[in-house]
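K.L.:
One predicted model, sequence on top.
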Amino acid sequence: NAGVTQTPKFQVLKTGQSMTLQCAQDMNHNSMYWYRQDPGMGLRLIYYSASEGTTDKGEVPNGYNVSRLNKREFSLRLESAAPSQTSVYFCASSDIPRVQETQYFGPGTRLLVL
Amino acid sequence: RKEVEQDPGPFNVPEGATVAFNCTYSNSASQSFFWYRQDCRKEPKLLMSVYSSGNEDGRFTAQLNRASQYISLLIRDSKLSDSATYLCVVNGGGATNKLIFGTGTLLAVQP
């Protein structure tokens, strides 16, 4: 089992460019999440998908869109990148959206927007 | 006020020392509590869940005080490999599993 995988690992964008961050999990989990991590801020939830076919906004959704392509895959899209979106992005998954469920994280994507 | 607050550290301790981290949370509706560990430039990984009765996993002991909205992690006999950032994490309340992360406490164990 690979767990949660993310591509790319690193990306440099110019302001205004668009890109899609890919995430896939092979644990048959129902719920998937996108976070960003910035120095001194902790991880903040961008969007989540409690189950296939549903998506909801998290704490910091502005400037992002998501697609739950199927049960395995959950992508995050930046339509017009801004320097404020420079961050480390983590995807996570959990079995079902119960409050006791552990979330498992991917290795992250480091994004620099110039 | 942050929803989850931790002392950022760093905590510099010698090998073999006992070290304690504390965390407070603001949402009294939170139902689940965790400690995650994050190594430098890596993803967070679950260290242990925290239960009201307190729980222990080897050298690690976690405690929860719901009345004071306070969570602690005790590491005994510190190893060099314990050097990492420790994240206090609580459920945001409500039915869905939306986790709120503290900013983390950096531990550096010195030889």
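P.N.:
Sure, I can see it. Residues are numbered from 1 along each chain as shown, chains lettered A, B, ... in the order given.
K.L.:
Run through chain A and note the low-pLDDT ranges.
P.N.:
Scanning chain A for pLDDT under 70 picks out the ranges A:1, A:96-100.
K.L.:
Next to chain B, which bits of it? Give me the list.
P.N.:
Residues of chain A lying close to chain B by CB under 8 Å from any CB of the partner chain are A:31, A:35, A:40-45, A:48, A:50, A:58, A:90, A:94, A:97-108. All C-beta atoms are positioned from the backbone trio N, CA, C, and that covers glycine.
K.L.:
Just the buried ones among these, please.
P.N.:
Neighbour counting with 16 or more other CB atoms under 10 Å in any protein chain shown marks A:31, A:35, A:42-45, A:48, A:50, A:58, A:90, A:94, A:97, A:99, A:101-108 as buried within those.
K.L.:
now, which of those lie within strands?
P.N.:
Members of those lying in strands (criterion: DSSP state E): A:Ser31, A:Tyr35, A:Gly42, A:Leu43, A:Arg44, A:Leu45, A:Tyr48, A:Phe90, A:Ser94, A:Tyr104, A:Phe105.
K.L.:
so who does the fifth one touch?
P.N.:
If I follow you right, that is A:Arg44. By CB atoms under 8 Å, 6 or more residues apart in numbering or on different chains, the contact list for A:Arg44 reads A:Tyr35, A:Arg36, A:Gln37, A:Asp38, A:Gly58, A:Glu59, A:Val60, B:Phe101.
K.L.:
B:Ala20: helix or strand, and which one exactly?
P.N.:
strand B:19-25 (DSSP states H and E).
K.L.:
helix or strand right after that strand?
P.N.:
strand B:33-38.
K.L.:
what's in contact with that next one?
P.N.:
Residues contacting strand B:33-38 (CB under 8 Å, 6+ apart): A:102, B:25, B:44-50, B:60, B:62, B:64, B:71, B:73, B:84-91, B:99, B:101, B:104.
K.L.:
in its sheet, what does it sit against?
P.N.:
strand B:45-49 (antiparallel), strand B:84-91 (antiparallel) (DSSP bridges).
K.L.:
what helices or strands is the next helix or strand after the first one leaning on?
P.N.:
It stands for strand B:45-49. Reading on from strand B:45-49 to the C-terminus, the next helix or strand found by DSSP H and E is strand B:55-57. Counting contacts by 3 or more CB pairs under 8 Å, 6 or more residues apart in numbering or on different chains; DSSP states H and E, strand B:55-57 packs against strand B:45-49, strand B:60-65.
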